[in-house]
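K.L.:
Please work out how this folds:
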Amino acid sequence: MATLTWTTAGESHGPALIGVLEGLPAGMELSTERIDAELARRWRGYGRGGRAKLETDRVEVLAGVRAGRTLGSPLCLRLANRDDSIETLPVPSNPRPGHADLAGCQKFTHRDPRAILERASARETAMRVALAGAARQLIEAFGVEVFAHTVELGGVAAAADAYERAGDGRQRLRERSEFLGVDPTCEEPWKRRVDEALEALDTLGGLFEVVATGVPPGLGSHASGPERLTGRLAGALLSIPAMKGVEFGLGFESARRPGSEVHDAIELRGPDADGYGRFRRRTNRAGGLEGGMTTGEPLVARVAMKPIPTLRRGLDTVDFETGETVRATYQRSDVTSVPAASVVGEAMVALELARSFRDKFGGDSLDQVRDNFEAWRRRVEEV
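P.N.:
Residues are numbered from 1 along each chain as shown. Below you'll find the predicted structure:
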């Protein structure tokens, strides 16, 4: 199978999460330690709630690997839930504002929010991170790296050029940050905002940025709407619970500027410059995407996350049985999980880039993928 598809199954408080990833080529060395490291990063972040202290995810490979290498067949992963209590948890008597509870109950015409919230929970994203932890090992073998970091929390923004200023030290800065950011000057202001929200029994949203470097030009397609990578990336990022907006490059700012300040001039790439082909963009206002395809410049996406809707003080809702106004049932939650969401966003970008990479370069085995990639690389120099 020369494309990449994935699916997950499982409930927040069920026995486990299951994920299936189809389309990895045979012969790829797969590191489960690398997957576990990504899962551990997802649990980090100042302002996390009780479950972050409860769960410790370790991936279990059920199928698709032999002697540490992929077989070319579907990869099946399992993440056990330590909080396996779905059969004993109470059914909330009211739907919580901002959650999938009411819309889901209306969809299935019943009054059991538990049947909705168990699957709508962000716990499901742990398996997405695990599957992406496998998929990204393919594109990293070809020089593609995906990096996410928090850029705004509770209205306090990091420096606009924080990623560029961090340079080669960005991994170290993010590792040290309690918010998975790369601007150290934001650490204390962000902590204050979280502490203030906690005291007010409230929650905070924010923004994170995902940057992919080493991406070859031409992933995606201009020829078909569903295959435009811009749309697929936006859809993937907005499929994460609580995400409310996505922009690439200048994003919404491009609507406010004249064309001369939006589009990227093209020039010849110097012999010592990184990249593919003879050309490069002088700037990267497009965020690495033009016509639904990658340009070879860094792919830059920013994503807005709303505040978590589970509030300790609760919002008004309506009791299913009595019809009376009540305070929404409180479920254990975080003050903010923007840092964790950045890890999930990084995973979704990695999955979509891996899918587009497979679509373009095909190959049943890793050696065949490499041959196809090198053949393209030689030809693109002639364009």
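K.L.:
where along the stretch 1-150 of the chain do the helices fall?
P.N.:
In the stretch 1-150 of the chain, the helices defined using DSSP state H, counting those that start in this stretch lie at 32-42, 50-54, 101-108, 113-120, 125-140.
K.L.:
Can I get the fourth one in PDB, CA atoms only?
P.N.:
Extracted as PDB, the C-alpha positions of helix 113-120 are listed here (Å, rounded to 0.1, in the frame of the first residue of the first chain):
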ATOM      1  CA  PRO A 113     -23.400  12.000  27.900                       C
ATOM      2  CA  ARG A 114     -21.100   9.300  29.200                       C
ATOM      3  CA  ALA A 115     -21.600   7.500  25.900                       C
ATOM      4  CA  ILE A 116     -20.400  10.600  24.100                       C
ATOM      5  CA  LEU A 117     -17.700  12.100  26.300                       C
ATOM      6  CA  GLU A 118     -15.700   8.900  26.600                       C
ATOM      7  CA  ARG A 119     -14.800   9.000  22.900                       C
ATOM      8  CA  ALA A 120     -14.900  12.800  22.500                       C
END
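K.L.:
and the angle for that helix with helix 101-108?
P.N.:
Counting by axes from the mean of the first three to the mean of the last three CA atoms, to 10 degrees, helix 113-120 lies at 100 degrees to helix 101-108.
K.L.:
ok so, going back, could you check the helices of the stretch 1-150 of the chain and tell me which one is nearest residue 79?
P.N.:
For the helices of the stretch 1-150 of the chain, distance to residue 79 was read as CB to CB. The smallest value, 5.7 Å, belongs to helix 125-140. Yep, even glycine has a C-beta here, placed from its N, CA and C like the rest.
K.L.:
What mean pLDDT does the closest one get?
P.N.:
For helix 125-140, the per-residue pLDDT values average out at 98.
K.L.:
Pull out the buried residues from it.
P.N.:
125-139 (16 or more other CB atoms under 10 Å).
K.L.:
can you put the helices of the stretch 1-150 of the chain in TSV and add distance to residue 304?
P.N.:
Supplementary listing: the helices of the stretch 1-150 of the chain in TSV, determined by distance: least, CB to CB, whole Å:
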stretch	distance to residue 304
helix 32-42	19
helix 50-54	22
helix 101-108	21
helix 113-120	19
helix 125-140	17
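K.L.:
Any chance of the backbone angles for the residue sitting nearest the centre point of the chain?
P.N.:
When the chain is reduced to its mean C-alpha position, the nearest residue by CA atoms, centre = their mean turns out to be residue 345, at 1.6 Å. According to degrees, to the nearest 10, the main-chain angles of residue 345 amount to phi -60, psi -40.
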